[in-house]
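1. output the structure for:
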Amino acid sequence: MLTARYETLHVRRGDLLLDMGCGFGRHAYQAARLGAEVVALDAGADEIAGVANTVQAMVEAGELELGAPIAALRGDAFALPFADGTFDRIIASEILEHLPADTVAMAELSRVLKPGGTIAITVPRFGPELINWALSDEYHGVEGGHVRIYRKSVLLERLTSSGLTPYATHHAHALHAPYWWLKCAVGTTNDEHKAVKAYHRLLVWDIVKGPKLTRWAEKILNPIFGKSFIVYLSKAPTTTVQQVEPTLERV
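-> As a prediction, the model looks like this:
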């Protein structure tokens, strides 16, 4: 289940791409399939081990070439272990809402992005996320959980202040918003609840089969209550800040 759109991010074969806060690597794998050289970075040891194991399995299955260009590294979002201007593209999906010092992480992402490079940032959308918080303290109060809910204007202002210019936005995963409302209502760890299990089967069917019914439903519903907000930004190709006319989706 991908959140960022690679064509909007302008991913090309041979690009060096950072998947920051990669989790178990869903965005990293697709970038590698498109011919990018990928660094998948996360603070969690289990996540990095999982990425390495999955890459090996994908090579054995013929989904990726031997020696696939995916490096899995542990790292700190507040002090990225890369030189200035290293990456052509960056994806930071569903990570900033977990970080207390989000502006420090934003500055680091901007620092390691090449001039002229692009970055996709995804965070939970304000409205659906607010409902989750209202329904359940457990949803966001766990260790490593969400520490803030972003308003679009605040997120864009902070990213712009780090030296990035937004050029496109959209929303994603509308079908997942009601699932999390349901989970928050019955208990986030209550996976055996009949309604939760039934809705989970629907989501798995959608992800695995991609039927037209659910694809069209999500496309229609994304602008209304898509669970994720995605913004694409560029870094000026010179030290002079250049104005880019954004094509931003209205909330």
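2. where does pLDDT dip in the stretch 51-200 of the chain?
-> For the stretch 51-200 of the chain, the stretches with pLDDT under 70 are 66-68.
3. what about the helices in it?
-> Using DSSP state H, counting those that start in this stretch, the helices found in the stretch 51-200 of the chain span residues 102-112, 126-135, 137-141, 152-161, 176-186, 194-209.
4. and the last one, how far out from the chain middle?
-> Averaging C-alpha coordinates over helix 194-209 and over its chain gives two centres that are 21 Å apart (CA atoms, centre = their mean, to the nearest Å).
5. how about the most centrally placed residue in the chain, what does it touch?
-> By CA atoms, centre = their mean, the mean C-alpha position of the chain lies nearest to residue 93, the distance being 1.6 Å. For residue 93, the contacting residues are 3, 4, 19, 21, 23, 27, 120, 121, 122, by CB atoms under 8 Å, 6 or more residues apart in numbering. C-beta coordinates here come from the backbone N, C-alpha and C atoms, glycine included.
6. show me what contacts residue 64?
-> By CB under 8 Å, 6+ apart, the contact list for residue 64 reads 29, 32, 33, 55, 58, 70.
7. and the fourth one, how far from residue 88?
-> According to CB to CB, to the nearest Å, residue 55 stands 20 Å off from residue 88.
8. the first one too?
-> Per CB to CB, residue 29 is found 18 Å from residue 88.
9. what of the third one?
-> Residue 33 sits 17 Å away from residue 88 when distances are taken as CB to CB.
10. okay, these two: which has more neighbours?
-> The neighbour count for residue 33 versus residue 88, taken as other CB atoms under 10 Å, is higher for residue 88 (21 against 14).
11. hmm, that one is touching residue 119, no?
-> No - assessed by CB atoms under 8 Å, residue 88 is found out of contact with residue 119, at 10.1 Å.
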